[in-house]
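Engineer: Predicted model, plus sequence, below.
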Amino acid sequence: MASTEAKSGSRADDLAGLEAGLDALDAVQSHRVPVRQVLVQKVLPPAVAVLLVLLVWQILIWAKVTDDYKLPSPSQVWDEVSNAWAQGTLLDYVWTSVSRGLLGFLFALVIGTPLGLLVARVKFVRAAIGPVLSGLQSLPSVAWVPPAVIWLGLNDSMMYAVILLGAVPSIANGLVSGIDQIPPLYLRAGQTLGATGARGAWHIVLPASLPGYLAGLKQGWAFSWRSLMAAEIIASSPDLGVGLGQLLEQGRETSSMSMVFLAIFLILIVGIAIDLLIFSPLERRVLRSRGLQVKS
């Protein structure tokens with residue numbers, strides 16, 4: 001009798017603790033963060049890091065660790081930026097590559113999402129295609145540039161083909177991983193409520209697999225961007241315009257290290273900007289919706 005009462009008391013304590021934890025998750029802070037706090041926590045650290053990099057870079061120039069033509073000074077790279085801006089070509093370089101990268105990524109998203117659902121939910125398809133997707137994901141995207149040029153020629157279609165081959169496996173595998181981590185109870189509850197087939201995939205499977213799916217999207221974008229840069233560096237043509245990859249190759253051909261550094265910095269800035277403006281907000285929203293991250 002005493003042991004039964006003890007067990008019931010323990011269960012009551014567990015339920016009380018669980019209820020308190022759920023209440024804490026629901027109590028999301030809604031007050032506005034002061035601007036000063038945002039500047040100190042979000043803006044100041046990367047600004048200090050950039051200043052330290054520039055300082056170390058300038059110190060290496062002063063110390064003459066190598067020849068001037070091998071390592072340009074920050075002022076020389078800035079002059080390259082100013083010249084490109086004055087000529088009106090700086091934004092053209094960025095937009096040519098960014099428009100290709102985003103459009104190719106959208107195509108990869110449209111193809112990779114249903115492919116990932118199919119692989120995750122159909123055992124025969126998973127056994128047949130799953131290993132192929134994993135192998136394609138580990139294959140360097142630069143390997144697809146020569147056959148794409150031969151098959152499609154030097155045009156935008158070749159660029160998009162390389163992006164698709166680099167990004168689709170990552171998106172599909174990310175969705176498969178996210179679906180594999182869904183608790184079986186969710187799927188059974190959805191089936192009980194009548195959410196089967198396409199309706200179950202839309203209302204149950206995709207929302208429950210969002211963390212893994214989002215990780216696959218981030219990796220897919222990284223593969224898209226790297227695939228595009230490889231294609232632009234190798235396949236240069238006046239008909240393709242001048243993107244960041246072509247700019248990098250032009251710097252190599254003319255032995256202009258300031259142009260090379262400019263292209264490298266622009267490629268890096270675009271990659272960081274896409275992550276900060278698109279994927280990081282999505283990730284925070286998904287985590288908050290699951291009570292995994294309350295503070296931004």
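Structural biologist: Okay, I see it.

Engineer: how about low-confidence regions in the stretch 151-296 of the chain?
Structural biologist: 186-203, 291-296 (pLDDT under 70).

Engineer: Where do the helices of it begin and end?
Structural biologist: 156-180, 184-192, 197-200, 206-208, 210-234, 244-253, 257-274, 280-289 (DSSP state H, counting those that start in this stretch).

Engineer: how about the ones you listed in TSV, adding mean neighbour count and distance to residue 47?
Structural biologist: For the C-beta atoms, the positions are set from N, CA and C on the backbone; glycine is no exception. Listed next are the helices of the stretch 151-296 of the chain as TSV, based on neighbours: other CB atoms under 10 Å; distance: least, CB to CB, whole Å:
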stretch	mean neighbour count	distance to residue 47
helix 156-180	24	32
helix 184-192	12	43
helix 197-200	12	47
helix 206-208	16	37
helix 210-234	22	24
helix 244-253	20	24
helix 257-274	18	13
helix 280-289	14	18
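
Engineer: Point me to the residue sitting closest to the centre of this structure.
Structural biologist: residue 218 (2.5 Å; CA atoms, centre = their mean).

Engineer: can I assume it is in contact with residue 274?
Structural biologist: No: in this structure residue 218 lies outside contact range of residue 274 using CB atoms under 8 Å: 9.5 Å.

Engineer: Take the helices of the stretch 151-296 of the chain and write them to CSV, including distance to residue 36.
Structural biologist: Shown next, in CSV, are these (distance: least, CB to CB, whole Å):
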stretch, distance to residue 36
helix 156-180, 38
helix 184-192, 42
helix 197-200, 48
helix 206-208, 37
helix 210-234, 30
helix 244-253, 36
helix 257-274, 24
helix 280-289, 21
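
Engineer: out of these, which comes closest to residue 58?
Structural biologist: helix 257-274 (13.5 Å; CB to CB).

Engineer: Next, the angle helix 280-289 makes with the closest one.
Structural biologist: 30 degrees (axes from the mean of the first three to the mean of the last three CA atoms, to 10 degrees).

Engineer: how many neighbours does the closest residue to residue 57 other than its chain neighbours have?
Structural biologist: The shortest distance from residue 57 to any non-neighbouring residue, by CB to CB, 6 or more residues apart in numbering, is to residue 74 (5.8 Å). Neighbour count for residue 74, taken as other CB atoms under 10 Å: 15.

Engineer: thought residue 74 was touching residue 59?
Structural biologist: No: with contact defined as CB under 8 Å, residue 74 does not reach residue 59; the gap is 11.0 Å.

Engineer: what's in contact with stretch 259-266?
Structural biologist: For stretch 259-266, contacts defined as CB atoms under 8 Å, 6 or more residues apart in numbering pick out 72, 77, 80-81, 84, 93-94, 244-245, 247-248, 250-252.
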